[in-house]
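Would you be able to build a 3D model of this:
(one chain, ligands or ions: 1)
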Amino acid sequence: MFEINENYLQLNESYLFSTIARRVEIFSAAHPEADVIRLGIGDVTLPLPPSVISAMHSAVDEMADKATFRGYGPEQGYSFLRDKIAEIDFRQRGVKISPDEIFVGDGSKSDTGNIGDILGEDNVVAITDPVYPVYLDTNIMRLGKSSKIVMLSCGEENGFLPEIPSQRMDVIYLCYPNNPTGTVMNRQQLKQWVDYALRNKSLILFDAAYEAFIRDEEIPRTIYEIEGATTCAIEFRSFSKNAGFTGLRCSYTVVPKTLITESVNGKEISINALWNRRQSTKFNGTPYIVQKAAEAVYSPGGQHEVGEMVAYYMRNAEIIRKGLAEKGWTIFGGENSPYIWLKCPNGMDSWTFFDRLLEECHIVGTPGIGFGTQGEGYFRLTAFNSYERTAEAVKRIKEWE
Ligand code: MLT
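Down below sits the predicted model:
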């Protein structure tokens, strides 16, 4: 008989957001009259911005013409997009990243999930708890005989930020602004992690998918604002949340050429070359039309429109924060992030609170326990619904007995 990857048997039977979708489906089928408001999965609701739509229309026309049709593109992404990313997201912020250090992908879920392909099985991998489930699940999927996953506890007592470990970790996943807790790391805090990684020759996998939601100038927008980070960190960015690409799919991974390690026989290895090798083998590139759409995000009009979309969602975050605070609930995040993390009232556990909020207020959120054991007793709401639906949800919560 053939064998399966037994590691899959160690995973929860279903992915967190699939479980929630199923529970909501059952509830809605039993209560068709219920007007359910979804503040669960971080999916956007505003349509794509006009500049993006117009770029896609032009790209579709190009694909319809023999003279401008495109087949396979470069696996790393077209230079028209990589050049803009390097210039606008990094160089204009004083960070030196070159286009050949950028790999365009089809979403941060795939990028952060696939990065493990180029890392050894025996690494000690540090993951925060609570955490975006993809990092943990994909590491469980590839567990080797001597792999080790260490959970870094992030509780209320330390502001939901991980403490620097006393032992050596080979690989560390960090996500700031954080999913799910909405917390951020300031320069000093992030510097401590970069210094730790440099001291220990560790690799930081930095997920900056929510960078566009940072309002506070003191919060770094990229890990590469911290000295030395280009020799110890890979950064992941997404167009999903800032530009509404959750259904379109586009992201990028920054792998600096200065990020070097050694093979077991002592040979110097470029991580950029390794990731390039992985991508050119397993990935045929993000569609041309989608990359044209992403390029439009960097046009002056695109930048303005995306800024307005982010501001719209952050107004929702503010409404949720204010409303829940007025109700007397303890809340975190939502100031530099589209996620509001709340302490379930009256000591309720996360799933009980989920059920009661759904059954009594017809509101969907995400139980904190779904992000890890440290999330028990907490709950996540997103700011990605419309202003009207968000305001209605807050009203229902405020009137809830
Ligand atoms: C979330 O709700 O945590 C995100 O939408 C999930 C994702 O981006 O894959």
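
Helices of the stretch 1-150 of the chain, start to end?
Ranges of helices within the stretch 1-150 of the chain are 16-30, 50-63, 79-84, 108-114, 133-141, based on DSSP state H, counting those that start in this stretch.

For the ligand, which of the ones you listed is the nearest?
helix 108-114 (4.5 Å; C-beta to the nearest ligand atom). From N, CA and C alone the C-beta is placed, and that goes for glycine too.

buried stuff in the closest one?
Neighbour counts using 16 or more other C-beta atoms under 10 Å place S108, K109, S110, D111, T112, G113, N114 of helix 108-114 among the buried residues.

could I get these as CSV with distance to W400 and pLDDT?
Formatted as CSV, the buried residues of helix 108-114 follow (distance: C-beta to C-beta, whole Å; pLDDT from 0 to 100):
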residue, distance to W400, pLDDT
S108, 34, 97
K109, 33, 96
S110, 38, 97
D111, 39, 98
T112, 36, 98
G113, 37, 97
N114, 42, 98
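
filter these down to the ones near the ligand?
Contacts with the ligand within those, as defined by C-beta under 6 Å from any ligand atom: K109.

So for the closest residue to the ligand within the chain, what's the pLDDT?
For the chain and the ligand, the shortest gap (C-beta to the nearest ligand atom) falls at G42, measuring 3.1 Å. For G42, the model assigns a pLDDT of 93.

ok, and the closest non-adjacent residue to it?
Residue nearest to G42 in three dimensions, not counting chain neighbours: T382, with 4.8 Å by C-beta to C-beta, 6 or more residues apart in numbering.

Next, the angle helix 50-63 makes with the helix ranked longest in the chain.
If you go by DSSP state H, the chain has its longest helix at helix 300-326. Relative orientation of helix 300-326 versus helix 50-63 (axes from the mean of the first three to the mean of the last three C-alpha atoms, to 10 degrees): 140 degrees.

So for helix 300-326, what gets flagged as buried?
Neighbour-count burial for helix 300-326 [16+ other C-beta under 10 Å]: 302, 305-306, 309-310, 313-314, 316-317, 319-321, 323-324.

Please work out how many residues are found near E157.
Burial of E157 is recorded as 7 neighbouring residues (other C-beta atoms under 10 Å).

Can you name the residues of the chain that neighbour the ligand?
I41, G42, D43, K109, Y132, N179.

swap the cut-off to 5 Å and go again
I41, G42, K109, N179 (C-beta under 5 Å from any ligand atom).

So what does the residue lying closest to the last one once chain neighbours are set aside look like in phi/psi?
Spatially, and ignoring its direct neighbours in sequence, N179 is nearest to Y132 (4.7 Å; C-beta to C-beta, 6+ apart). For Y132, the backbone dihedrals are phi -60, psi 120 (criterion: degrees, to the nearest 10).
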